[in-house]
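> Need the 3D shape of this:
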Amino acid sequence: MLCDLANLSTDLHQPAHMALAEHWLDLFYGESRQIPGLQAIDPIRLGRHLPDICILDHEDGDVFRFRLAGETVIELYGRDVRRLRLDEVAPQPSFDRYRALAHMILERPAGLLHGLSGMIAAWNYSVAFERLSLPLLGRDGRIRHIISATVARRQDDDRVTAEYQHIYAIPLRRSAGEAPAQHRPPAY
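Here you go, the predicted structure:
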C-alpha cells in the first residue's frame with residue numbers, strides 16, 4: 001500500500017519504529033526535505049532501541065552488506081551478521097524479496113514498514129516480525145544506505161501481524177528546473 005510520508009509517525013506502534021522515524025523525520029525536515037546522511041544519525045537519539053537497529057550499505061548492483069546490526073537483529077539471524085552480505089545471511093527466496101525491497105527503498109526513494117515471518121534459528125520456531133526501513137545518503141551524496149528497526153514482538157508480548165507492506169513515498173525538494181527522477185517500479 002502506498003502511503004503519504006506525513007502519515008508515517010501516526011502509523012507506527014512499536015517504540016523502536018517510533019524512535020527511528022522521529023529521528024529520521026527531524027533530520028529530513030531539518031534539511032529542507034532532503035534525505036539525511038549516514039553521518040547525521042545520532043545513536044543517542046535511538047538510545048535503548050539500538051539493539052533493534054541495523055544498517056545496510058549498498059555496494060553495487062545487488063550487493064548489500066550489513067554495516068551495523070544490533071543484538072536483536074543478530075539474534076533474529078542466529079549469528080553476527082556485521083560485515084556480511086545480505087545474500088550470505090538470507091536464504092532464497094527471502095534474499096530475492098529483501099533485495100527487491102532494498103532497491104525500492106533506495107531508488108524510489110521510500111520508507112518501508114512491513115511485516116514478515118520467518119524461522120528464527122536461535123529460537124527454533126517461526127515468528128512474525130515488523131521492520132521499518134528508511135534510506136540514508138552516503139558521503140558522496142548518493143542514497144547508499146538503509147537504516148532499519150526490527151521488532152519481533154509487540155510491547156504487550158503479542159505476536160506481530162505477519163505479511164503486510166506500507167510504502168511511504170519520500171517527496172524530495174527539487175532544484176529549479178530539475179525534472180522529476182525516473183523510478184523503476186519495484187519488482188516484488
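
> For Ala169, see how far away Gly141 is.
Distance, Gly141 to Ala169, by C-beta to C-beta, to the nearest Å: 21 Å. Just so you know, the C-beta spots here come from the backbone N, C-alpha and C atoms, and that holds for glycine as well.

> wait, I meant Val151
Counting by C-beta to C-beta, the gap from Val151 to Ala169 is 23 Å.

> higher neighbour count, those two?
Using other C-beta atoms under 10 Å as the criterion, Val151 and Ala169 rank with Val151 on top: 21 against 14.

> Okay, that one and Val63: tell me how far apart.
Between Val151 and Val63 the computed distance is 27 Å (C-beta to C-beta).

> can you tell me which residue is nearest the centre of the protein?
Nearest residue to the geometric centre of the chain (C-alpha atoms, centre = their mean): Ser133, 1.6 Å.

> if I look at the nearest residue to that one once chain neighbours are set aside, how far off is Asp57?
Sequence neighbours aside, Ser148 is the residue nearest to Ser133 in space, at 4.2 Å (criterion: C-beta to C-beta, 6 or more residues apart in numbering). Distance of Ser148 to Asp57, given as C-beta to C-beta: 12 Å.

> More neighbours: which of these two?
Using other C-beta under 10 Å, the more surrounded residue of Ser148 and Asp57 is Ser148, with 22 against 19.

> partner residues bridging the more buried one?
Note on Ser148: beta-bridge partners Cys54, Ser133, judged by DSSP bridges.

> Go ahead and confirm it touches Cys54.
Yes: here Ser148 lies in contact with Cys54, judged by C-beta atoms under 8 Å, at a distance of 5.3 Å.

> Many thanks, we can stop here.
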